[in-house]
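In: Next one to model:
(one chain, ligands or ions: 2)
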Amino acid sequence: MAKNTGIPTVDLSVFSTEDENEAKKKAFETIFQACSSYGFFQIVNHGIPVEFLKESLEVSRTFFHYPDDIKLKYSPKPGAPLLAGFNKQKKNCVDKNEYVLMFPPGSNFNIYPQEPPQFKEQSEELFKKLSKVCLLLESIVNEGLGLPPDFLKQYNNDRSWDFMTTLYYFSATEEGENGLTHHEDANCITLVIQDDTGGLQVRKDGEWIPVVPVEGAIVVNIGDVIQVLSNKKFKSATHRVVRQKGKERFSYAFFHNLHGDKWVEPLPKFTEEIGEKPKYKGFQFKDYLAMRLKNKTHPPSRVEDEIRITHYEIS
Ligand SMILES: O=C(O)CCC(=O)C(=O)O
Ligand SMILES: [Fe+2]
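Out: Ligands and ions are numbered 1, 2, ... in the order given. Predicted coordinates for the structure are as follows:
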């Protein structure tokens, strides 16, 4: 385990072999512990060349440094149901960032910046590579939860709802340092690539723990869907981004999602089969996503009034 990262770091290459060995067992144990406590860990030797990750962050930096009149050419079309393309947070929004939202390569509603020219190709390639890493992580989570082989793969068998954002956080100002308000991710598994600025934090036992950047590492976090299915055995941790003084920050977040038609509820394995009460009511995933989207489009006046997974909690 790498020191000083705040959260554990796992060498993912040990999972590239079929045979059982000590290193694999240990990595597995670290992931299990991390998912049961923080809901966060980092991975290295994940199969995506470190150079490729750096290039991706560089492409993102180049785009976000263009003046608004260039960036705004790639904004979502008025009235578009999905905000694919370049988005600036509204002036009064507490989140101080800009982002480009992308759906799977080939989705006809994607709006890719054409400047720099390599943006589209780099993003599509990154999307595919991150998607592959998520499939491996999903199988590790499946095993960690003791589910039947390929249970999650079959349940979550449609990749068309996955998405990725690249984010640009401005440096902190006198008016504030909030970059992304504390939240939990609604999806299954999220991957984050961050530059070396820092600012991502995860909440554990009432404390904010920094997710200290590790070169070439990818941050992994568990989302609400896994938390609900596992009846809170694996945690969808609260996290946020704090802007740094004098330093802007670039990142990518990849969301291994779930088709909106899927029904989400605690699995019998974590409830009736072990004599535990379900901690959540079941719901159709798209209903939850719609409420989450409304948090963004029509934000309540107090952050604590936003709809979160607690909405389905059985008290
Ligand atoms: O930019 C980051 O480091 C995290 C982004 C994030 O948490 C999100 O988009 O849900
Ligand atoms: Fe997040």
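
In: looking at it, H311 is touching K294, isn't it?
Out: No. Applying Cβ atoms under 8 Å, one finds H311 not in contact with K294, separated by 11.7 Å. Yep, even glycine has a C-beta here, placed from its N, CA and C like the rest.

In: Could you list the low-confidence segments of the stretch 1-150 of the chain?
Out: Applying pLDDT under 70 to the stretch 1-150 of the chain flags residues 1-5.

In: how about the helices of it, start to end?
Out: Secondary structure of the stretch 1-150 of the chain by DSSP state H, counting those that start in this stretch: the helices cover 22-37, 50-64, 68-71, 119-144.

In: which bits of the stretch 51-200 of the chain sit near ligand 1?
Out: Residues of the stretch 51-200 of the chain lying close to ligand 1 by Cβ under 6 Å from any ligand atom are 165, 167, 180, 185, 192, 194, 200.

In: hang on, D95 packs against G176?
Out: No. Taking Cβ under 8 Å as the definition, D95 is not a contact partner of G176, at 10.4 Å.

In: Compare those two and say which is more crowded by neighbours.
Out: Higher neighbour count among D95 and G176: D95, with 19 against 11, using other Cβ atoms under 10 Å.

In: Contacts only, for the more buried one.
Out: Going by Cβ atoms under 8 Å, 6 or more residues apart in numbering, D95 touches 89, 178-181.

In: possible to save these as JSON lines with distance to F28, secondary structure and neighbour count?
Out: JSON lines is the format used below for the contacts of D95 (distance: Cβ to Cβ, whole Å; DSSP: H, G, I helix; E, B strand; the rest coil; neighbours: other Cβ atoms under 10 Å):
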{"residue": "Q89", "distance to F28": "39", "secondary structure": "coil", "neighbour count": "14"}
{"residue": "N178", "distance to F28": "36", "secondary structure": "strand", "neighbour count": "19"}
{"residue": "G179", "distance to F28": "33", "secondary structure": "strand", "neighbour count": "25"}
{"residue": "L180", "distance to F28": "31", "secondary structure": "strand", "neighbour count": "22"}
{"residue": "T181", "distance to F28": "33", "secondary structure": "strand", "neighbour count": "14"}
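
In: want to try TSV for those residues, with distance to S123 as columns?
Out: Shown next, in TSV, are the contacts of D95 (distance: Cβ to Cβ, whole Å):
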residue	distance to S123
Q89	21
N178	26
G179	21
L180	20
T181	25
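
In: any idea which of those is least confident?
Out: Looking at the contacts of D95 by pLDDT, the weakest one is Q89, with 88.

In: Show me the contact partners of the helix or strand where L152 lies.
Out: If you go by DSSP states H and E, L152 is part of helix 151-155. The contact list for helix 151-155 (Cβ under 8 Å, 6+ apart) reads 135, 138-139, 141-142, 188, 262.

In: Now tabulate those in CSV and tack on neighbour count.
Out: CSV is the format used below for those (neighbours: other Cβ atoms under 10 Å):
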residue, neighbour count
L135, 15
E138, 20
S139, 17
V141, 23
N142, 20
C188, 27
K262, 17
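
In: how about stretch 116-123: buried residues?
Out: For stretch 116-123, the neighbour count (16 or more other Cβ atoms under 10 Å) marks 119-120, 122-123 as buried.

In: ditto for stretch 78-98
Out: Counting neighbours by 16+ other Cβ under 10 Å, one finds that the buried residues in stretch 78-98 are 83-87, 95-98.

In: Up against ligand 1, what does the stretch 201-315 of the chain have?
Out: With Cβ under 6 Å from any ligand atom as the criterion, the stretch 201-315 of the chain comes near ligand 1 at residues 239, 241, 251, 253.

In: So which of the residues you listed is surrounded by the most neighbours?
Out: Taking other Cβ under 10 Å as the neighbour criterion, V241 ranks highest of those with 28 neighbours.

In: element containing that one?
Out: When elements are assigned from DSSP H and E, V241 belongs to strand 239-242.

In: Fine, thanks again, bye for now.
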